[in-house]
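>>> quick one: sequence plus predicted model below, questions after.
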Amino acid sequence: MVVLKVAIPDSVALSLEFLVGIMLVVLGLTVLRTWFMDRRHTHGHAHEAAPAAPDPVATEHEHPHAHHVGVEHEHAHGMRRPFFIGMVHGAAGSAALFLLALSEIDSTVGALVYILVFGIGSVAGMLLVTTAISLPFVISAQRFQNLNGVIRLASGSLSILLGIMVMYQIGFVEGLFTGA
């Protein structure tokens with residue numbers, strides 16, 4: 001954009017903002033799904049047999065279950081999901097402010113330095129905010145399982161609600177779908 005002197009069309013900027021709303025809904029649904037799956041887990045195991053039957057009886061049923069702190073388990077998404085979330089958020093959230101400031105810089109070198117400083121500042125700021133937001137989850141997961149479940153349920157639900165509000169705002173109020 002700096003070298004070619006091109007601007008992002010409003011429809012593309014709005015589409016990126018709308019994608020943030022979709023992402024919030026998907027992330028909220030993922031949190032709720034994980035919360036539900038941690039609460040209800042089905043597997044088979046042996047129960048003691050009745051006195052008349054000498055062998056244990058294998059049964060399968062649901063019961064509360066959560067991962068124990070310190071037990072390692074793999075996450076299939078690896079670094080792809082955080083990378084994708086960061087890309088979507090970076091492309092949408094601060095793009096208008098970034099482009100406005102960038103349009104005032106006359107030199108290509110100055111613009112590239114601005115991009116570098118802006119990028120480093122954005123990453124540092126997001127790292128601090130994410131760390132602060134994650135602390136209640138980490139602390140409650142280690143010490144208060146029930147509170148952790150409430151926090152996860154609330155954050156997943158809030159994410160879905162916020163995502164729907166963003167999609168409505170961008171799609172209808174700001175005119176992505178209505179052309180207003």
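Cool, the structure landed. Just so we're clear, the structure is a prediction, and the values are computed from it rather than from any experiment.
>>> spatially central residue in this structure, please.
In the chain, the residue lying closest to the centroid (C-alpha atoms, centre = their mean) is Leu27, at 4.6 Å.
>>> what's the neighbour count on the closest residue to Phe137 other than its chain neighbours?
Excluding the flanking residues, the one nearest Phe137 by C-beta to C-beta, 6 or more residues apart in numbering is Ile151, at 6.2 Å. For every residue, glycine as well, the C-beta is placed using N, CA and C. Using other C-beta atoms under 10 Å, Ile151 is surrounded by 18 other residues.
>>> helix or strand: which one has the residue nearest to the centre of the chain?
helix 10-39 (DSSP states H and E).
>>> please tell me how far that helix is from the chain's geometric centre.
Distance, stretch centre to chain centre, for helix 10-39: 7 Å (C-alpha atoms, centre = their mean, to the nearest Å).
>>> same for that helix, what does it pack against?
helix 80-92, helix 95-103, helix 145-168 (3 or more C-beta pairs under 8 Å, 6 or more residues apart in numbering; DSSP states H and E).
>>> about what we covered before: isn't the residue nearest to Phe137 up against Ser140?
Yes - here Ile151 reaches Ser140: they are 5.6 Å apart, a contact under C-beta atoms under 8 Å.
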